[in-house]
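>>> How does the following fold in three dimensions:
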Amino acid sequence: MAQDITQEEWQELISKDDNAVILDVRTEEEVEDGFIPDMLNIDIRLGQGFLDEIEKLDKSKSYYVYCRSGARSAQACTLMNQMGFETTYNLVGGFMNWDGEVAE
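As a prediction, the model looks like this:
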């Protein structure tokens, strides 16, 4: 089941989660403007290409998913849950409201 979490919850959960994977579902152009460190980028707009890449991931891990505003990441979480991923977290407000660590 996907859970919507705030930035504070995200940072707290990730710090205690040895199985955490940060998934950025934005486009390459958006990623160039900055991203959350140590993330994996799979663009949800690739459609079937996105699903093919997601299918290769380890379903036993916890996925912390974000996009620009939180809409695409919510969609990604729903798709992942349908594909058998048990633990997905959606960052409410997305990267545009993120004030944690950023890499470029």
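>>> By mean pLDDT, point me to the weakest helix or strand of the chain.
When each helix and strand of the chain is scored by mean pLDDT, DSSP states H and E, strand 2-5 comes last, with a mean of 92.
>>> Would you agree Y66 is in contact with Y89?
No: the criterion here is C-beta atoms under 8 Å, and Y66 misses it with Y89 at 9.1 Å. All C-beta atoms are positioned from the backbone trio N, CA, C, and that covers glycine.
>>> Settle it for me: which of these two has more neighbours?
Neighbour count, other C-beta atoms under 10 Å: between Y66 and Y89, Y66 has more, with 27 against 24.
>>> need the helices for this protein, in chain order.
For the chain, the helices defined by DSSP state H cover 7-16, 28-32, 48-55, 71-82.
>>> Most tightly packed of those helices?
Among these, helix 71-82 has the highest mean neighbour count (mean count of other C-beta atoms under 10 Å), at a mean of 19.
>>> quick revisit: which stretch among the helices of the chain comes nearest D38?
Smallest distance to D38 across the helices of the chain (C-beta to C-beta): 9.7 Å, for helix 7-16.
>>> could you say what helices and strands that closest one packs with?
Secondary-structure packing of helix 7-16 (3 or more C-beta pairs under 8 Å, 6 or more residues apart in numbering; DSSP states H and E): strand 20-24, strand 62-66, strand 87-91.
>>> and the last one, which strands flank it?
Spelled out, it's strand 87-91. strand 2-5 (parallel), strand 62-66 (parallel) (DSSP bridges).
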